[in-house]
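In: Make a model of this:
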Amino acid sequence: MPVAAQAAECRTETFEGARYSVCEVDAAQEDLRVFLNAPDSGETLGSFSAVNGVLQRAGQSLGFAMNAGMYHSDRSPVGLYIEDGKEAAPVVTSAGPGNFGLLPNGVLCIREGRADVFETLRYVDEAPQCRHATQSGPMLVIDGALHPRFLKDGDSRYVRNGVGTSQDGTRAVFVMSGGPVNFHTFGRFFRDHLELPQALYFDGNISRLYAPELGRSDIGFPLGPIIGTVTPPGDG
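Out: Now for the predicted structure:
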């Protein structure tokens, strides 16, 4: 397991006049995980404070976190979900309603020393051994190209969040827009500003961020999957 040398670096950046909150994780050094249910009760955690409470009982703490994919009304994951090597929900390859089913969608896979966004069919074909994984959609950037369905003047605008990864898998960059943006603009932030070849949309409207460096610990609707970095004892 990676040893956290430092917390995720969170900052605010501007692209074409719009502000974004950006948290960059060195996947080769930091302990990046997904969270869904409390280990003792099995109840859905649903909030950053609940995740932190679980970690603190083990002498750890949450470095940064955000919601990590779409979920059903019972807050169970819509697609693939793997936590600590155990698959809690299977991968979904079919098209469907809503943003998740706007194919191609994708999977964020966290392995030893790296994190990668895979287009879903590529994930199924390559079958990487993920310690943690979450599926969402649509893909924002696929091998350096924007999702083919995105329209430059698309009028669906929300506060959105997602993740992009570098070719070598060491750089995982989590982003939340500071205001409503369409998919085309959000995808270009990852491709043109961050220069990341793969990026995946997590959600919009309900997007939440925990970033102490930025003075943020968003509250709101109970969440499903959450992703974040874990700070070991003595590093808090």
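
In: so what's the closest residue to Asn37 other than its chain neighbours up against?
Out: Among residues not flanking Asn37 along the chain, Thr44 sits closest, at 5.7 Å (CB to CB, 6 or more residues apart in numbering). To be clear about C-beta, it is placed using only N, CA and C from the backbone, and glycine gets the same treatment. For Thr44, the contacting residues are 36-38, 74-76, 222, 224, by CB atoms under 8 Å, 6 or more residues apart in numbering.

In: Pull up the gap between Thr44 and Tyr81, please.
Out: As judged by CB to CB, to the nearest Å, Thr44 and Tyr81 stand 12 Å apart.

In: intersection of neighbour lists for those two?
Out: Leu36.

In: How many neighbouring residues does Ser49 have?
Out: Neighbour count for Ser49, taken as other CB atoms under 10 Å: 12.

In: Same check on Glu213?
Out: If we define neighbours as other CB under 10 Å, then Glu213 has 15 of them.

In: Contacts only, for it.
Out: 7, 9-11, 64.

In: biggest separation within the residues you listed, which pair?
Out: The distance between the two most remote of the contacts of Glu213 (CB to CB) is 12.3 Å, for Ala7 and Arg11.

In: of these two, who's got more company?
Out: Ala7 (21 against 12).

In: which residues are in contact with the lengthiest helix in the chain?
Out: In the chain, taking DSSP state H as the definition, the longest helix is helix 48-56. With contacts defined as CB under 8 Å, 6+ apart, helix 48-56 is touched by 35, 38-39, 45, 61-62, 65, 208, 210, 217-218, 226, 228, 230.

In: Give me the buried entries from the contacts of Thr44.
Out: Buried members of the contacts of Thr44, counted by 16 or more other CB atoms under 10 Å: 36-37, 75, 224.

In: Of all pairs in those residues, which one spans the longest distance?
Out: Farthest pair in these, by CB to CB: Asn37 and Gly224, 10.2 Å.

In: pretty sure Ser177 contacts Val22?
Out: No: the pair Ser177 / Val22 is not scored as a contact, 10.4 Å apart, by CB atoms under 8 Å.

In: Phe190 - how many residues pack around it?
Out: 27.

In: what about the helices in the chain?
Out: Counting by DSSP H, one finds helices in the chain at the ranges 48-56, 120-126, 183-188.

In: Now distance to Gly204 and mean pLDDT too, for the ones you listed, in JSON lines please.
Out: JSON lines is the format used below for those (distance: least, CB to CB, whole Å; pLDDT from 0 to 100):
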{"stretch": "helix 48-56", "distance to Gly204": "18", "mean pLDDT": "97"}
{"stretch": "helix 120-126", "distance to Gly204": "19", "mean pLDDT": "98"}
{"stretch": "helix 183-188", "distance to Gly204": "9", "mean pLDDT": "98"}
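
In: Sounds good, over and out.
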